[in-house]
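Q: Structure of the sequence below:
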Amino acid sequence: MTGFPHLSDAVPQLARPEEVAEYLGFTVDAVQRQLRRGELPGVKVGGRWFVHVGRLRAQLGEQSAS
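A: Coordinates of the predicted model:
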């Protein structure tokens, strides 16, 4: 996912909803709504949402293959 150049593939990475929103062309509210619904792979830590970058990559790959 070239939209996250600061993230390494060596370890599982988490991205902030703001980063994912910019990459996907969504609003931050839309990303957070999709996280709450389980439509985007993420985890809530200390009251803040984070997106699992590797799982998002896989999800986007599956969607584009359909």
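Q: quick one: buried residues of stretch 41-50?
A: Judged by neighbour count using 16 or more other C-beta atoms under 10 Å, the buried positions of stretch 41-50 are 41-42, 49-50. C-betas here are computed from N, CA, C, even on glycine.
Q: Secondary structure element holding the spatially most central residue of the chain?
A: Nearest to the geometric centre of the chain sits residue 51, at 3.7 Å (C-alpha atoms, centre = their mean). Per DSSP states H and E, residue 51 falls inside strand 48-52.
Q: Next: residue 39.
A: Counting by DSSP H and E, residue 39 is part of no helix or strand.
Q: how close does it sit to residue 58?
A: Using C-beta to C-beta, to the nearest Å, we find residue 39 at a distance of 14 Å from residue 58.
Q: Same check on residue 19?
A: 17 Å.
Q: now the strands: where do they sit in this protein?
A: Per DSSP state E, the chain carries strands over the ranges 14-15, 42-45, 48-52.
Q: Among those, which comes closest to residue 26?
A: Nearest to residue 26, of all the strands of the chain, is strand 48-52, at 11.3 Å by C-beta to C-beta.
Q: one step back: which one among the buried residues of stretch 41-50 gets closest to residue 33?
A: For the buried residues of stretch 41-50, the closest approach to residue 33 (C-beta to C-beta) belongs to residue 49, at 10.2 Å.
Q: Quick check: the gap between that closest one and residue 29.
A: From residue 49 over to residue 29 (counting by C-beta to C-beta), the distance is 11 Å.
Q: again, but for residue 47
A: On the measure of C-beta to C-beta, residue 47 and residue 29 end up 16 Å apart.
Q: can you give me the helices in the protein?
A: 17-24, 28-37, 53-65 (DSSP state H).
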